[in-house]
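Enquirer: Based on what follows, work out the 3D shape:
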Amino acid sequence: MTRLDAGSETELCHASDDTAGTRLLQSREVPLGGVRGLKVHRTLPQRELPMIGAWCFLDRFDEDDAVMRVLPHPHTGLQTVTWPLEGDIRHRDSVGSDVTVRPGELNIMTSGYGVSHSEFSLGEQTAPMHGLQLWVALPRDVADTDPAFEQHTELPVYEAGGLRATVLVGALGDVDSPALVHTPLLGADVTLRPDARVSVPVDPDFEHGVLVLSGSVTVGGTELESGPLLYLGTGRDHIEFDSLAGARFILLGGVPFGEELVMWWNFVARSHEEIASAREDWERGAERFGTVAGHGADRIPAPPLPNVRLTPRRRAL
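Expert: So this is what the prediction gives:
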């Protein structure tokens, strides 16, 4: 998806040693896809927490009556991870992909040096559209790789007691996702049965985030309902989850990202100059972003760059 709100948003993400502790981070509502599009709730990036591991972007779209119409737009330096909960999404990209992703299926697109894509709900009528769009920052050694696309219609499941987790990326316990990622990472869609209390083993080098989709859950002693993102710092070898009424939530994790990143609009890069170059290339129709079949000349224009040089934003967690 594209950040239609991002004209005034600038982020330079820094590595930090201050990754211990727990923090509750509120979401903000952002319009997506124009007047007939979706409104999403964004929990990453935050001013105090630009990233969790390599996870640098998390939108939740959660509408009962909507149409998704996101025209071709560009990406650099990242992977998009699309996880629908209700409603089907047609994905087309400049690699040549044209697929429909449905609930329980995963799309992961690697932008590398440059890619463009579109996302549309099926049909012209409004319908329930619920799901997640995430971005993963690519490390420097693969940031300029060729673009690629994967779809995974079957994903492995981790089970323990009253907990069942579909592993989207990375590993949970002894269960590994087949999706290709380039840093130590975890993404899982977790369901907890009513009255369940389960301790899940995790990598102590990881920081984690928990986002409730439905119900409520107590995470390591912190009560959490749908809406905010709970941040958990490094140093944990397990996380305890318990719920009286049951819950569904997303568990993210990763080793704190060890590189400085500039994030602006749909681009992840290492400098102001890289961002400016990517924007210019998109606006002039450079070959690096290719074309998305089926849209003719329709595309989303880049917002103007801010009138100042992109400046650092340090994480406060």
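
Enquirer: With adjacent residues omitted, what lies nearest to residue 180?
Expert: Nearest residue to residue 180 in three dimensions, chain neighbours excluded: residue 150, at 6.4 Å (Cβ to Cβ, 6 or more residues apart in numbering). Bear in mind the C-beta positions are built from the backbone N, C-alpha and C, glycine included.

Enquirer: May I have the helix or strand where the one you found lies as PDB, with CA atoms only?
Expert: Residue 150 is part of strand 148-152 when elements are defined by DSSP states H and E. The C-alpha coordinates for strand 148-152 follow below in PDB (Å, rounded to 0.1, in the frame of the first residue of the first chain):
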ATOM      1  CA  ALA A 148      10.600 -10.100  -6.500                       C
ATOM      2  CA  PHE A 149       7.200 -11.400  -5.400                       C
ATOM      3  CA  GLU A 150       6.000 -14.500  -3.400                       C
ATOM      4  CA  GLN A 151       2.500 -15.700  -2.500                       C
ATOM      5  CA  HIS A 152       2.100 -18.400   0.200                       C
END
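
Enquirer: Would you mark the buried spots in it?
Expert: Using 16 or more other Cβ atoms under 10 Å as the test for burial, strand 148-152 gives 148-149, 151-152.

Enquirer: One more: stretch 228-237?
Expert: Buried residues in stretch 228-237, counted by 16+ other Cβ under 10 Å: 228-234, 236.

Enquirer: Of those, which belong to strands?
Expert: Among the buried residues of stretch 228-237, the ones falling in strands (DSSP state E) are 229-232.

Enquirer: which of the buried residues of strand 148-152 lies closest to residue 53?
Expert: Nearest to residue 53 among the buried residues of strand 148-152: residue 152, at 19.8 Å, using Cβ to Cβ.

Enquirer: Count the neighbours of residue 316 for me.
Expert: 12 (other Cβ atoms under 10 Å).

Enquirer: thinking again about what came up before, the strand holding residue 150 pairs with which strands?
Expert: Neighbouring strands of strand 148-152 in its sheet, by DSSP bridges, are strand 106-110 (antiparallel).

Enquirer: thinking again about what came up before, next SSE after the strand holding residue 150?
Expert: The first helix or strand that comes after strand 148-152 along the chain, using DSSP H and E, is strand 157-160.

Enquirer: packing partners for that next one?
Expert: strand 163-172 (3 or more Cβ pairs under 8 Å, 6 or more residues apart in numbering; DSSP states H and E).

Enquirer: any residues touching the strand it packs on, and which ones?
Expert: If you take Cβ atoms under 8 Å, 6 or more residues apart in numbering as the criterion, strand 163-172 is touched by 81, 83, 104, 106, 108, 136, 155-159, 175-177, 179, 181, 184-193, 196, 198, 200, 202, 241, 251, 253-254.

Enquirer: Could you turn the buried ones of those residues into a ChimeraX selection?
Expert: Those of the contacts of strand 163-172 that count as buried under 16+ other Cβ under 10 Å are selected in ChimeraX with:
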select :81,83,106,108,136,155,156,158,175,177,179,181,185,186,187,188,189,190,191,192,196,198,200,202,241,251,253,254
